[in-house]
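Participant: need coordinates for the following:
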Amino acid sequence: MPHLDQAQQANAPATRSRAGETFRYINWLFNPYQRLDVPAIYDLLSTRAATERALYLNLGYWRDATDLDSASNALADLLADAAQLSPGDQLLDVGYGFADQDMRWSERYQPAQIIGLNLTQSQVEIARQRVAERGLSEQIDLRQGSATAMDLPDASVDKVIALECAFHFRSREQFLREAFRVLRPGGRIAIADILPRPAQGSAWQRFKRKTSWALVAGKFSIPWDNAYPIPTYHAKLKLRGYEQIRVESIRDQVYAPLHHWLRAHRDSLQRLHPVARFAAKLALRRAPETLYAGLDYVVATAVKPVR
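Facilitator: Model prediction:
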């Protein structure tokens, strides 16, 4: 058996770890039968965000944005404004990722407190550390917990926000029910969410839409229970008891602008894992009209009535 010097022995675990991670990426992205649960996906993605100055994993709102960081901030602001986030509010943020939006909201909108719920332990640990380093631990209480079984009292928060995560929940309906429970009367919910587009048009157009949605839903753990279009989304909010419901598509300010920016700034892909970078480059070869054919992107808002 060949002799390993001390440096080789020390590097061996790291080498095996990198090899294992690469295999997991390949299996996730290119094995059509592989489906990871949500924490496993975000553990794999880790902090390798395409953003340069933050750790956002959202797609951004591109109406006036010039780069992915500003687009990600713009989406966070759009949702805070949709929720009518105000000084003194008790805010619940579900699926907070690495807490970039929470730190931004705390400083810009000054709610009394932000409570965060997130299932992925690795994100919780990093997010808490980042919040502490920013000196915001008193204002931002980040917890590991489920958006569909909230460990919160009834009528305890003024606003609930879900920034690009509710499509993961099992199910979105259960999240809407829980959010209604913890909201105070008159409280608002605001959600940035991904939905399938109706399979309409020619046979080729219907095929593109179904294939586009199926690929994203399979790789990003979107339950089929959550695969319904805007009218059904509106109806489910109404069924749960919400009022002043609005579900608006902003897909034209999300998918295509992001696609074009990434094509023009491929250096941003260097921050991704090499396998993810390769997959992204393959995707960027396709036209956005085909790649995102089956995907809608909505901002949904509603109010818990005052009885």
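
Participant: only C-alpha atoms for contact and neighbour calcs from this point on.
Facilitator: OK.

Participant: and the helices in the stretch 151-300 of the chain?
Facilitator: Applying DSSP state H, counting those that start in this stretch to the stretch 151-300 of the chain gives helices spanning 172-182, 203-219, 230-239, 255-264, 274-284, 288-291.

Participant: gap between the two ends of stretch 102-119?
Facilitator: Distance across stretch 102-119, first residue to last, is 16 Å (C-alpha to C-alpha, to the nearest Å).

Participant: any idea how far that stretch is from the chain center?
Facilitator: Chain-centre distance of stretch 102-119: 16 Å, with C-alpha atoms, centre = their mean, to the nearest Å.

Participant: per-residue confidence at the closest residue to Gln144 other than its chain neighbours, what does it come out as?
Facilitator: Distances taken as C-alpha to C-alpha, 6 or more residues apart in numbering place Asn118 nearest to Gln144, at 5.0 Å, with adjacent residues excluded. Note for Asn118: predicted pLDDT of 97.

Participant: can you give me the neighbour number for Asn118?
Facilitator: 22 (other C-alpha atoms under 10 Å).

Participant: now swap in Arg177 and tell me
Facilitator: Applying other C-alpha under 10 Å, we find 19 residues neighbouring Arg177.

Participant: my read: it touches Arg240, true?
Facilitator: Yes - between Arg177 and Arg240 a contact is recorded at 6.2 Å, counting by C-alpha atoms under 8 Å.

Participant: what about the longest strand in this protein?
Facilitator: strand 183-196 (DSSP state E).

Participant: now the strands for this protein?
Facilitator: Using DSSP E, the strands of the chain run over 90-94, 113-118, 140-144, 157-163, 183-196, 243-249, 295-303.

Participant: for Gln129, which of those strands is the nearest?
Facilitator: Nearest of those to Gln129, taken as C-alpha to C-alpha: strand 140-144 at 10.2 Å.

Participant: list the strands paired with the closest one, with their directions.
Facilitator: Strand 140-144 has the following sheet partners, assigned by DSSP bridges: strand 113-118 (parallel).

Participant: run the angle between the strand it pairs with and strand 90-94 for me.
Facilitator: Per axes from the mean of the first three to the mean of the last three C-alpha atoms, to 10 degrees, the angle that strand 113-118 makes with strand 90-94 is 20 degrees.

Participant: could you list the residues in contact with strand 113-118?
Facilitator: Residues from elsewhere that reach strand 113-118 (C-alpha atoms under 8 Å, 6 or more residues apart in numbering): 88-97, 102, 106, 124, 139-147.

Participant: cool, and stretch 76-85?
Facilitator: Here stretch 76-85 makes contact (C-alpha under 8 Å, 6+ apart) with 91, 101, 105, 109, 111, 159-161, 163, 188-192, 299, 301.

Participant: only alpha carbons, please: show that stretch as PDB.
Facilitator: Only the C-alpha atoms of stretch 76-85 are listed here, as PDB (Å, rounded to 0.1, in the frame of the first residue of the first chain):
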ATOM      1  CA  ALA A  76     -37.500  42.200  -1.100                       C
ATOM      2  CA  ASP A  77     -38.700  45.800  -1.100                       C
ATOM      3  CA  LEU A  78     -41.600  45.000  -3.500                       C
ATOM      4  CA  LEU A  79     -42.900  42.400  -1.100                       C
ATOM      5  CA  ALA A  80     -42.400  44.600   2.000                       C
ATOM      6  CA  ASP A  81     -44.400  47.300   0.300                       C
ATOM      7  CA  ALA A  82     -47.100  44.800  -0.800                       C
ATOM      8  CA  ALA A  83     -47.400  43.800   2.900                       C
ATOM      9  CA  GLN A  84     -47.500  47.500   3.900                       C
ATOM     10  CA  LEU A  85     -44.700  46.800   6.400                       C
END
